[in-house]
Structures are given as C-alpha cells and as structure tokens.
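Trainee: Requesting a structural model of the entry that follows:
(chains A and B)
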Protein chains: 2
Amino acid sequence: MSKLVIVGTVAFDAVETPFGKTGKILGGSASFIGLSAAQFEVDSAIVSVVGGDFPQDYLYLFTDRNIDISSVKIVKEGKTFFWSGRYHNDMNTRDTLVTELNVLENFQPVVPESYKNAKVLVLGNLHPRVQSSVLDQMSDGSTFVILDTMNFWMNNTLNDLLEVIKRVNVITINDEEARQLTGEYSLVAAARKIHEMGPEYVVIKKGEHGALLFNETNVFFAPALPLESVFDPTGAGDTFAGGFAGFLAQTENISFENMKNAVIYGSTLASFCVEKFGTERLESLQAEEVRTRLKAFKDLTRFEIELTT
Amino acid sequence: MSKLVIVGTVAFDAVETPFGKTGKILGGSASFIGLSAAQFEVDSAIVSVVGGDFPQDYLYLFTDRNIDISSVKIVKEGKTFFWSGRYHNDMNTRDTLVTELNVLENFQPVVPESYKNAKVLVLGNLHPRVQSSVLDQMSDGSTFVILDTMNFWMNNTLNDLLEVIKRVNVITINDEEARQLTGEYSLVAAARKIHEMGPEYVVIKKGEHGALLFNETNVFFAPALPLESVFDPTGAGDTFAGGFAGFLAQTENISFENMKNAVIYGSTLASFCVEKFGTERLESLQAEEVRTRLKAFKDLTRFEIELTT
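Mentor: Below you'll find the predicted structure:
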C-alpha cells in the first residue's frame, strides 16, 4: 500500500454552534485529515505533538485505523494545543474564543524514517517554517505534497509562507484567503497567480459553495452537497484535504482526471464531517455510506445535453 | 414552434461598475428574458409598456429576432421606466441610485389572443397583482408558468406575492430572497417550504455560486462558470430565466431530467450576459459560442468515479 504522511495538529477543541456546545473534544488538523484518509487503503502516519493531558482513548481512534502514531510526540509535562470557537447563526463565520498553543509552541516535527519516501505528504495548517522543515526531511523528491494554510500566516509570516508554497504540488486554500494572498477578486485570476507562486494544482475551497480545482489549463468544480442542516463546520476543510490526499495515495495517479475524483471524494467526506460535532461523524463512518453519498454527488451534477462537435 | 409569452419590464438602465459607467441603455426584465430566449426555436411575444421616449432601434432588436412586440404598449405621452444602479467592488452588491416607474405605474398587461394558449409563460419581476392578472388571461390551464420575483415584493406586498406563487409551476428566486421568504437558512429547507407554497419546481439562483433546482424529491446543481472577470451583472438572473424558459418551450418537455438541461442553458446564457454592459453581449451572441460554452460547462463538472451498486 502507498504511504501517506500527515503533519498537523492533534488538539482539543471546544465548539459552540446554534445547535449546542461541547466540552473539550478531539480536534486538530491532523486528526480530521487522518480520520478522513482512513477511508482509503493507505498506510498513514501522523506527525504531531500532544501534552500529558491527552487521553489514550483518542490515540486508539488512530491506531484502531492502522494509523502510525509513533511520531506523535507526547510531552508529558506539557498541555495539548487547545482551540475554542463560537459559530454565528449563518455557520459561515465564527469567533475564536481561546487559542492556547501549549506544546505546539516548540513543535519540531520528525518524519519517521520509513515514511521519508512516502507517496503523498499533507502539510496541515501550521507555521510555514515548520511545514518547510518537514519538506527538508523527505528523502525522495517524488513525494507529492499537499499544503493547507490560512490567513493567519499570510498576516504574520508571509515570506515564510511564500517560501513553502514554492515547494509544494497542491495548495488547498479557501476563497477569501486566495483573494487575500493574491489581491485578485476573481478566483480564476487568483488561481493563476497562486499557480505562478509554485503549485501545479490549486484547490480553492468555497465551503457551502463547493470547491474549484485548477491547473495551468483546466478547471473543475465540485459542488458541496446541499445539506438540510450543518451542525458543526469545524474540520470540514481538513476532512476535505484528508479525502483528497487519501484517494490520491490509494490510486497513485496524479493526472488531472484523477484529481477531479479526489476533489469529489474530499467533498463527500467533508459533507459527513459537518453533520455532528468534531470528529464524531467521521469516527462512525462506514464505506457503504460514503458510496451512497458519492452516488448523490453524481446525481446532483449529472446532465445529458448532447453536443455534436 | 412552441409559443412563449414573456411579461416584464422593457426599460432604460444606467449602470456604474468598477469598470465604467453607461448612459441610458436598454434594460428591463423582459428585454433580457426575450433576447436570451431568442437563442431557441420558439415563437416569443413580449408583453410590456414603454414611453414615447423609447427608441425604435431598441424595438428592432426584438423584431429582428422574430419576437412579437404587438403587446408592448407605447404610451406616447409617457416616459419609459428607468433604473440606475452602482455596483460595489465585489460586484455582488449594488446601490440603487434612481427608480422612476413612469409608464410602469399604470401598466395593465394584455396577452395577445394568439398567445393565450402558449406552452410557456414567464412572469418577470413585476408587482405580484400584475403577475396574477396575466395568469387570469391565459385560456389554457396547460401553460407552464415560470415566476421570477424579488425581495421588494416580499417587503411590501407579501400577501399578493403568496397568492401568485400558489398558481405557478416554477419559481426562480435568489438565495437571500429564498431565505427571507421562508425564514430558513438552509436552502434545502427553504426550497421545501416554497414547494409547499405551490410551485412544483424551485430554482434558487446563487449568482457566482451557481443555481439549484429542486422538486419534491430531487435536487440538481449547476455551477456558474468561473469567469476571469464579471463586467456587469445586471440582467444575469433574467437572462437565466430566458434561457431556462426558451429551452423548455423548444423541447416541450418538463421532466426533471430535461429541466436540468434547462438550468444548464440558463446558466450558460447568463455567463455571457455579464461579460458586457446591459444586453450588449446577448445582442451579438452566436449559436456556436453557446455550444462551445455548453461544452465548457460539461467539462467543468464531469467526473468519472465508477460506482458498483
């Protein structure tokens, strides 16, 4: 099986939405990416850090899915990264209530020796210099690298971010962030500018409005499944990245055609993520449910106009 | 050929966008709907009213395309309806600068005798009581009726609006208006509530984010084509409705499958509309260009995941 390395946060989240609020639950970019990618036949490893307060039961969620966590460092005397947020009624905007970096402050990721030649690497949202340090460790220039980032790094460490963007194959970024990074309102123009920064592929995530995939000459659009209710959007973007990366690693095919399918898988898995708090829905997710929803995605966009060209 | 009746405004617009501003140009819901529907093999008639100041050259735009304008009443001593607006930088929001109803104030539409049994009727944005008076004139209960409306009527004449909504087959409405009309944030829930108000089909237009088509059990999504630049969004919704109606009238097929194609045609034509000011792009539009863009729509959303079910 192909190897997939996931670098990101394993954390505590506390979330408040119009539907309710949680205590400290499992969160973090690597958690969502890992659980999402676990739907595919790949050998995954998570590279992250947690504190002595992190429950063993959460770690079993990963090991039960054959995710290698030997490089999730446990800092016994430290506390796990904690984020808390409150969503507004539209579920598209949120206020951050608490950010405690804790053990993340001095995180120096170490990629396991046996994963340095992995097929696919996902660099989850982290300081861009930390992301770069992971790239330095990959022995094999053939690893396909997917980068996720956010506006915080554009505001505070833009030069470091531009350095790491140069070195990756795919960037996944949301629409507002793509506009901020490029100064272009049109997403077509924004994608072209990001393409010129380095990445061969640009994925622009538009939340409830779907996702766009660009390379130099093509564009593909995957809608978000229209949902009756969005319960908790936390981790949807990471779940997308996990499905996208997991499918690419499993199929070992990075053609534009296959990457379209990866975007559909990512969107499908993200549509489950938002149905319950945190990682809860991903934890119970069955392959058969994924297949049924993929069919719904097909039905949603399929039309049969015959064009005689 | 099938008959299509279009009731709406024929007007002067003056538009200001970040790209420039116009003097008084051709505008109005029936103008955009008519020019868009003219891409199909249908016999169309426009029912509207203009003032003595309305240029004959604009009327030729319709007659050159075999659109029957015998029911466009010319009130010699009156002035044509005039709207002026300024778009913000994001092109999604605008300020209305001027609204002069003029001859529209006393508009009493009269459907031509030979169109009272038309296959399809489009009720463009107008006072809902005026829309109802048109329905009263249709002799044939089999006419398929498409209603467009906007938030102005929800705010000011909600009961009249609900009366006319009861009587139509399809409503086209934008996302914010669907939310306002139903009090539901989820568009799936909003569509269901509107469905319960009467229309068998609900089309929710999301501008640059595409359009959703619902009936009681199915949903279909058509993306908007990602455009390098949107020059002037005025009339895009009406152009969508014109393409949607024109295709349904031409094919005389109102199955859900065929209505999906109608949504794609509507989106395709709307994608041209926004490329130039007002109706300019629709006036020059060639069938071959439409076909090429339909192909782009197919390529944009087509993916090939094989599901063994």
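
Trainee: Could you use CA atoms for every contact and neighbour count after this?
Mentor: Fine.

Trainee: helix or strand for the closest residue to A:Leu61 other than its chain neighbours, which one?
Mentor: With Cα to Cα, 6 or more residues apart in numbering or on different chains as the criterion, A:Leu61 has its nearest non-adjacent residue at 7.7 Å, and that residue is A:Glu283. Of the helices and strands defined by DSSP states H and E, A:Glu283 is found in helix A:280-284.

Trainee: is chain B contacted by the helix or strand just after that helix?
Mentor: The first helix or strand that comes after helix A:280-284 along the chain, using DSSP H and E, is helix A:287-301. Yes - Helix A:287-301 lies within reach of chain B by Cα under 8 Å from any Cα of the partner chain, at A:291, A:295, A:299-301.

Trainee: Who are the contact partners of the residue most central in space within chain A?
Mentor: Chain A has A:Asp238 as the residue nearest its centroid, 2.6 Å off, counting by Cα atoms, centre = their mean. A:Asp238 is in contact with A:29-30, A:32-33, A:124, counting by Cα atoms under 8 Å, 6 or more residues apart in numbering or on different chains.

Trainee: same deal with A:Val168?
Mentor: Listed by Cα under 8 Å, 6+ apart, the contact partners of A:Val168 are A:144-147, A:198-199.

Trainee: Those residues: which two are farthest apart?
Mentor: Pairwise distances across these peak at 13.4 Å for A:Phe144 and A:Gly198 (criterion: Cα to Cα).

Trainee: how much space between the closest residue to chain B within the stretch 1-150 of chain A and A:His127?
Mentor: Distances between the stretch 1-150 of chain A and chain B by Cα to the nearest Cα are smallest at A:Asp90, namely 7.1 Å. A:Asp90 sits 29 Å away from A:His127, taking Cα to Cα, to the nearest Å as the criterion.

Trainee: can you give me the helices in the stretch 1-150 of chain A?
Mentor: A:29-37, A:56-63, A:128-137 (DSSP state H, counting those that start in this stretch).

Trainee: how about the last one: buried residues?
Mentor: So that's helix A:128-137. By neighbour count with 16 or more other Cα atoms under 10 Å in any protein chain shown, helix A:128-137 contains the buried residues A:128, A:130-132, A:134-135, A:137.

Trainee: Closest to A:Glu184 out of those?
Mentor: A:Pro128 (22.3 Å).

Trainee: Setting the sequence-adjacent residues aside, check what's closest to the closest one.
Mentor: Leaving out its chain neighbours, the residue that sits closest to A:Pro128 by Cα to Cα, 6+ apart is A:Leu161, at 5.1 Å.

Trainee: element containing the one you found?
Mentor: Counting by DSSP H and E, A:Leu161 is part of helix A:158-165.

Trainee: A:Ile264 reaches A:Ala224, doesn't it?
Mentor: No - using Cα atoms under 8 Å, A:Ile264 makes no contact with A:Ala224, being 9.2 Å away.

Trainee: and those two? which has more neighbours close in?
Mentor: Neighbour totals were compared for A:Ile264 and A:Ala224, and A:Ile264 leads with 27 against 21 (other Cα atoms under 10 Å in any protein chain shown).

Trainee: can you list the residues of the stretch 51-200 of chain A near chain B?
Mentor: By Cα under 8 Å from any Cα, the residues of the stretch 51-200 of chain A that approach chain B are A:90, A:185-189.

Trainee: what do you get if the cut-off is 7 Å, keeping everything else the same?
Mentor: Residues of the stretch 51-200 of chain A lying close to chain B by Cα under 7 Å from any Cα of the partner chain are A:186, A:188-189.

Trainee: starting at the chain centroid, how far to stretch A:63-77?
Mentor: 19 Å (Cα atoms, centre = their mean, to the nearest Å).

Trainee: How about stretch A:106-114?
Mentor: Centroid displacement of stretch A:106-114 relative to its chain, using Cα atoms, centre = their mean, is 19 Å.

Trainee: Next, the distance between the ends of that stretch.
Mentor: Stretch A:106-114 stretches 24 Å from its first residue to its last (Cα to Cα).

Trainee: Stretch A:34-53 too?
Mentor: Stretch A:34-53 end-to-end distance (Cα to Cα) = 21 Å.

Trainee: Same question for it: list its buried residues.
Mentor: A:34-40, A:42-51.

Trainee: And for stretch A:211-227?
Mentor: Buried residues in stretch A:211-227, counting neighbours by 16+ other Cα under 10 Å, are found at A:211-215, A:219-227.
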